[in-house]
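*Asks:* I'll drop the sequence and a predicted model, then ask my questions.
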Amino acid sequence: MRVSARNVFRGTVSALRPGSVNAEVELALGGSDRLVAIITMESVKSLGIATGSEVVALVKAPWVMVMTDAGDVRLSARNCLAGTVKSVAPGAVNAEVVITLASGTEVAAIVTKEAVGDLGLKPGVAATAVIKASHVVLGVPA
Amino acid sequence: MRVSARNVFRGTVSALRPGSVNAEVELALGGSDRLVAIITMESVKSLGIATGSEVVALVKAPWVMVMTDAGDVRLSARNCLAGTVKSVAPGAVNAEVVITLASGTEVAAIVTKEAVGDLGLKPGVAATAVIKASHVVLGVPA
Amino acid sequence: MRVSARNVFRGTVSALRPGSVNAEVELALGGSDRLVAIITMESVKSLGIATGSEVVALVKAPWVMVMTDAGDVRLSARNCLAGTVKSVAPGAVNAEVVITLASGTEVAAIVTKEAVGDLGLKPGVAATAVIKASHVVLGVPA
C-alpha cells in the first residue's frame, strides 16, 4: 500500500469500545503516544479488529488542527498530541506544518498561512496536533 | 489557546442528545445561529458538557462546504448556515471564502478555485456554509 | 443547488442501517459502484431517507485519500473506490487528482504534491479513492 495521507501511524489496538453503529478503537503508537479512532462496527467485524491487533492509522494532513498555548482549554477531539514544530513549508494559501511528538512520531498538518503567523509556528515551538477520532482511517494487512 | 482552525465559535449548549458512542450537542451561537456537533460520549463526560455549558466550537476551513441556490435541496449536514460572501482570497488550487451570517458571525471555508468560478462567489453574493456535525471540535475551559 | 464540493454523486439508497445517534446509508451510484454514508438519525428522519430514495452525495475533494498498490491492506474506510487517474493538477503545496471509476464516475481528491510524487500519480495509473463514510453529506430534493 502507498497512500496520499501524510500521516501513517503503526500501532497496536489497546482498547475497543463497541457501539451500535460505531466503535471507538484506541491504539498504542509507541512511547506513551495513544491515538483514538472511531470506525463503524461493520469495519471492526470485516477487518477482524480486536485488542492486540496490529493496525495502521491513516490521517490526511488537512484533518489535523494545530494548537499552541493549550493550557487553558480541554477539547472534545480525542487526540491532542503534544510536541514540537519540526518544519513549516508555506504555499500560497496553506502551509504544511510537521510536529514531532515526544516519542519521535511525526504528525503533518495543513493549516492556512494566516494560522502560521497567528500561532507563531516555526521550528522549535511547542505545539499540539489535534485529530478528531472520526477522521482516522484504520488499515490491517489483507 | 491559539488554534490553527480559522473558525472558533463561542456558544452555549442548548441541547444534548446522548447515544451509545457519540452524542449530538447543539450550541446557540448568538442571534438565531445554531451549530450542531457530534462528539464522543467519552468527551461529553470528560469535558463535563451539559445543557448551559459555555463552549468553543472549532472548525477547520477545509471542512466547510459552500453552497449557493440552496432552495431546491435539503442536506444531511446538520449545519447549513446562510449568509453573504464577505471575501474571496485565491491561491493556486484553493481559495479562502469568508461568509458573514445574519448574526455577524464569520465562517471561513477553503474551496477549490474552480468552485469559486462555478458558484460565482464574490463579495455580496448569498451563500450557505455547510458543516457536518462530526467535523466540529468542542472545547471547554481547562 | 450549486455546491463547492468537487464530488456530487447521484444515487439511490440501497440499504439503511439505523443506530441510536447515527445511521449508515448505502447508495448505488450506477454500474457496480457503491457509496456508504454515515449521517445522523435526525437527518434520516428530517430528510425522509428510506430504501429506494433518490439522493445526492457530496464529498469535498480534501476529504478524499488516494491509495495505490492496495493489494496488501484492508481499510476501515467504507469507501475504497478503484479506478484510474484521469488528471493531476498541481498547486504550490497541494494537487488535485481526478480518478475515473469503472462505471465512468469521476472522483476528485486534493492531496499534497509530495504524495503525487511518492505514489507516482499520473494519467493512466491505477489508484483507489478512499472516502470515510462519515465524510459524506447527503442531499434530497427540497
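*Replies:* Thanks, I have the structure now.
*Asks:* Please enumerate the helices of chain A.
*Replies:* Using DSSP state H, the helices of chain A run over A:41-47, A:113-119.
*Asks:* Now render these as TSV, adding mean neighbour count, distance to chain B and mean pLDDT.
*Replies:* To be clear about C-beta, it is placed using only N, CA and C from the backbone, and glycine gets the same treatment. Formatted as TSV, these follow (neighbours: other Cβ atoms under 10 Å in any protein chain shown; distance: least, Cβ to the nearest Cβ, whole Å; pLDDT from 0 to 100):
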stretch	mean neighbour count	distance to chain B	mean pLDDT
helix A:41-47	17	9	90
helix A:113-119	18	4	91
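*Asks:* Of these, which is nearest chain C?
*Replies:* helix A:41-47 (4.0 Å; Cβ to the nearest Cβ).
*Asks:* Contacts only, for A:Ser87.
*Replies:* A:Ser87 is in contact with A:Glu96, A:Val97, A:Val98, A:Pro123, counting by Cβ atoms under 8 Å, 6 or more residues apart in numbering or on different chains.
*Asks:* pLDDT at the nearest residue to A:Val59 once chain neighbours are set aside, what is it?
*Replies:* Spatial nearest neighbour of A:Val59, chain neighbours left out: A:Asn7 (4.1 Å); criterion: Cβ to Cβ, 6 or more residues apart in numbering or on different chains. We have a pLDDT of 94 for A:Asn7.
*Asks:* What is the neighbour count of A:Asn7?
*Replies:* A:Asn7 sits with 22 neighbouring residues when counted by other Cβ atoms under 10 Å in any protein chain shown.
*Asks:* ok so, going back, between the helices of chain A, which gets nearest to C:Ala82?
*Replies:* Ranking these by proximity to C:Ala82 (Cβ to Cβ) places helix A:41-47 first, at 16.9 Å.
*Asks:* do the closest one and chain C meet at all?
*Replies:* Yes: Helix A:41-47 lies within reach of chain C by Cβ under 8 Å from any Cβ of the partner chain, at A:Glu42, A:Ser43, A:Val44, A:Ser46, A:Leu47.
*Asks:* can you pull the contacts of the last one?
*Replies:* Shown here is A:Leu47, whose contacts under the criterion Cβ under 8 Å, 6+ apart are A:Leu138, A:Val140, C:Arg74, C:Leu75, C:Ser76.
*Asks:* pretty sure the last one contacts A:His135?
*Replies:* No: counting by Cβ atoms under 8 Å, A:His135 is not a contact partner of C:Ser76; they are 11.6 Å apart.
*Asks:* okay, these two: which has more neighbours?
*Replies:* For C:Ser76 versus A:His135, neighbours defined as other Cβ under 10 Å are more numerous around C:Ser76 (27 against 24).
*Asks:* Which pLDDT value does the model give the more buried one?
*Replies:* Value listed for C:Ser76 in the pLDDT field: 90.
*Asks:* show me what contacts it?
*Replies:* Taking Cβ under 8 Å, 6+ apart as the test, what C:Ser76 contacts is A:Ala37, A:Ile39, A:Thr40, A:Ser43, A:Val44, A:Leu47, A:Ile49, A:Val137, A:Leu138, A:Gly139.
*Asks:* So which of those residues belong to strands?
*Replies:* Counted as lying in strands by DSSP state E, out of the contacts of C:Ser76, are A:Ala37, A:Ile39, A:Thr40, A:Val137, A:Leu138, A:Gly139.
*Asks:* so which pair among the residues you listed is furthest apart in space?
*Replies:* Spatial extent of the ones in strands among the contacts of C:Ser76 (Cβ to Cβ) is set by the pair A:Thr40 and A:Gly139 at 14.3 Å.
*Asks:* And chain A, split by domain according to the record?
*Replies:* A:7-60+A:132-139, A:61-131 (automatic domain parsing).
*Asks:* I'd like to know which of the ones you listed lies nearest to C:Ala127.
*Replies:* domain A:7-60+A:132-139 (15.0 Å).
*Asks:* now the strands: where do they sit in chain A?
*Replies:* Per DSSP E, chain A carries strands over the ranges A:2-3, A:7-18, A:22-30, A:33-40, A:54-59, A:65-68, A:73-75, A:79-90, A:94-101, A:106-112, A:126-131, A:137-141.
*Asks:* between the helices of chain A, which one is nearest to B:Ser53?
*Replies:* With Cβ to Cβ as the measure, helix A:113-119 is the member of these nearest B:Ser53 (25.9 Å).
*Asks:* Any part of that closest one near chain C?
*Replies:* No: Helix A:113-119 does not reach chain C (Cβ under 8 Å from any Cβ); its nearest approach is 9.7 Å.
*Asks:* what does that helix rub up against?
*Replies:* By Cβ under 8 Å, 6+ apart, the surrounding residues in contact with helix A:113-119 are A:66-68, A:88, A:90-95, A:97, A:121, A:125, A:127, B:2-6.
*Asks:* switch to 10 Å and redo it
*Replies:* Here helix A:113-119 makes contact (Cβ atoms under 10 Å, 6 or more residues apart in numbering or on different chains) with A:65-69, A:85, A:88-97, A:109, A:111-112, A:121-122, A:125, A:127, B:2-6, B:60-61, B:89, B:91, B:96, B:108, C:93.
*Asks:* Buried among these? Make that a PyMOL selection.
*Replies:* Remark: buried members of the contacts of helix A:113-119, expressed as a PyMOL selection using 16 or more other Cβ atoms under 10 Å in any protein chain shown:
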select buried, (chain A and resi 65+66+67+68+85+88+89+91+92+93+94+95+96+97+109+111+112+121+127) or (chain B and resi 2+3+4+5+6+60+61+89+91+96+108) or (chain C and resi 93)
